[in-house]
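**Student:** Prediction below, plus the sequence it came from.
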Amino acid sequence: MIKKVSIITINYNGLKDTVEMIESLAAHETYRYEIIIIDNASTDPLGHTLLQSKFPDIQVIRSEKNLGFAGGNNLGISQAKGEYLLFLNNDTIITCPVLENLVNALDSDPRIGAVSPKIVCWPEKQRLQYAGSTPMSPVTLRNSNIGYGQIDQGQFNKPGETAFTHGAAMMIRAADLMKFGLMPEFYFLYYEELDWCVQIQRAGFQIRYEPRSVICHKESMSVGKQSPLQVYYHTRNRLLFAKRSIDKRDERIYSYIYQTLMAFPKHLSIYLVKGRFRLIGALVKGLINGLIAINKDMNYGKELSSH
């Protein structure tokens, strides 16, 4: 019997994007799948009702509280029936089948714990967003998506192991959750999938890039670049991620110093020079809450996730 993929998507004030994503799957996907939409406290209280009436075969779950990226996905996991789980951003589009190649990648080796497809821009489908990723610097906590911004000429068409999946589209086996756990919820926004990849690798699994599946991504439609929300969570979560992901104590301390004494003043200076004063408060609050968090035990973050 053909196994099933549970596609889990978060909708937050993105009804149009979500509808387009669902319609693209219906038009092109041939593998057996179910769709679970988590409406993450969208301000339109009727959005989830409209989705359910328009697509009666999908499951729409309304959360009255914004659970964040990880919390929403974990709620979807609790309702999933598939042997495989695909976490797919609602601002994605497919133009050809993608699920079978991702499933086959996982099935090819039990040591593979997560896989992401090649990701390209939408509507400029020839421009790459992700073709695997580089390892992250333990000090600066920076890495890059391989091929980002390049024209896709097939130069990244070889599948293989990579450092991280891409949060817009990643697939795991449902059974493997017993080995590495759910997505960490205390980040609320940003760094969740990076942390999860670290936990997956610590459990003995590899991360895989599978270019035979291609997904188009509109990118940053729900939050917007350089918003106070983005600045706050990026600033805070880099410190949380350093605490959780860097094993060597010296490197972890160097990372704390870099984020506090180099990255923070740099961003503060940029916002001051450019007159982006509304971002300064978010930057300062992110640093303060991040420093508070790294001095707490591993239950931190719960009280910080409701910014």
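**Tutor:** Right, received. Where do you want to start?
**Student:** switch to C-alpha atoms for all contacts and neighbour counts from now on
**Tutor:** Fine.
**Student:** which one's the longest strand in this structure?
**Tutor:** Among the elements of the chain assigned as strand by DSSP state E, the one spanning the most residues is strand 206-217.
**Student:** Show the subsequent helix or strand relative to that one.
**Tutor:** helix 228-245 (DSSP states H and E).
**Student:** what's next to whatever helix or strand comes next after that following helix, contact-wise?
**Tutor:** Past helix 228-245, further along toward the C-terminus, the next helix or strand under DSSP H and E is helix 249-258. Identification of contacts with helix 249-258 by Cα atoms under 8 Å, 6 or more residues apart in numbering yields 138-141, 239, 242-243, 246.
**Student:** now helix 249-258: mean pLDDT?
**Tutor:** When pLDDT is averaged over helix 249-258, the result is 95.
**Student:** I'd like to check the angle between it and helix 228-245, please.
**Tutor:** 160 degrees (axes from the mean of the first three to the mean of the last three Cα atoms, to 10 degrees).
**Student:** Helix 249-258: which residues count as buried?
**Tutor:** In terms of neighbour count (16 or more other Cα atoms under 10 Å), helix 249-258 has its buried residues at 251-253, 255-256.
**Student:** Nearest to Asn89 among the residues you listed?
**Tutor:** Distances from Asn89 to those, taken as Cα to Cα, are shortest for Ser255 (29.9 Å).
**Student:** In terms of pLDDT, where does the residue nearest to Val198 when sequence neighbours are not counted sit?
**Tutor:** Spatial nearest neighbour of Val198, excluding adjacent residues (Cα to Cα, 6 or more residues apart in numbering): Ser245 at 6.5 Å. Predicted confidence (pLDDT) for Ser245: 93.
**Student:** Counting by contacts, list what the longest strand of the chain packs against.
**Tutor:** Applying 3 or more Cα pairs under 8 Å, 6 or more residues apart in numbering; DSSP states H and E, one finds that strand 206-217 contacts strand 92-93, helix 99-107, strand 112-121, strand 160-162, helix 192-202.
**Student:** Identify the residues contacting Tyr271.
**Tutor:** Counted by Cα under 8 Å, 6+ apart, Tyr271 has contacts 277, 279-280.
**Student:** Buried subset of these as a PyMOL selection?
**Tutor:** Of these, the buried ones go into a single PyMOL selection, burial set by 16+ other Cα under 10 Å:
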select buried, resi 279+280
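**Student:** Just the contacts of Tyr271: which are in helices?
**Tutor:** Among the contacts of Tyr271, the ones falling in helices (DSSP state H) are 279-280.
**Student:** can you tell me which of the contacts of Tyr271 lies nearest to Asp152?
**Tutor:** Leu279 (34.8 Å).
**Student:** Return the distance of Gly160 relative to Arg212.
**Tutor:** Distance of Gly160 to Arg212, given as Cα to Cα, to the nearest Å: 11 Å.
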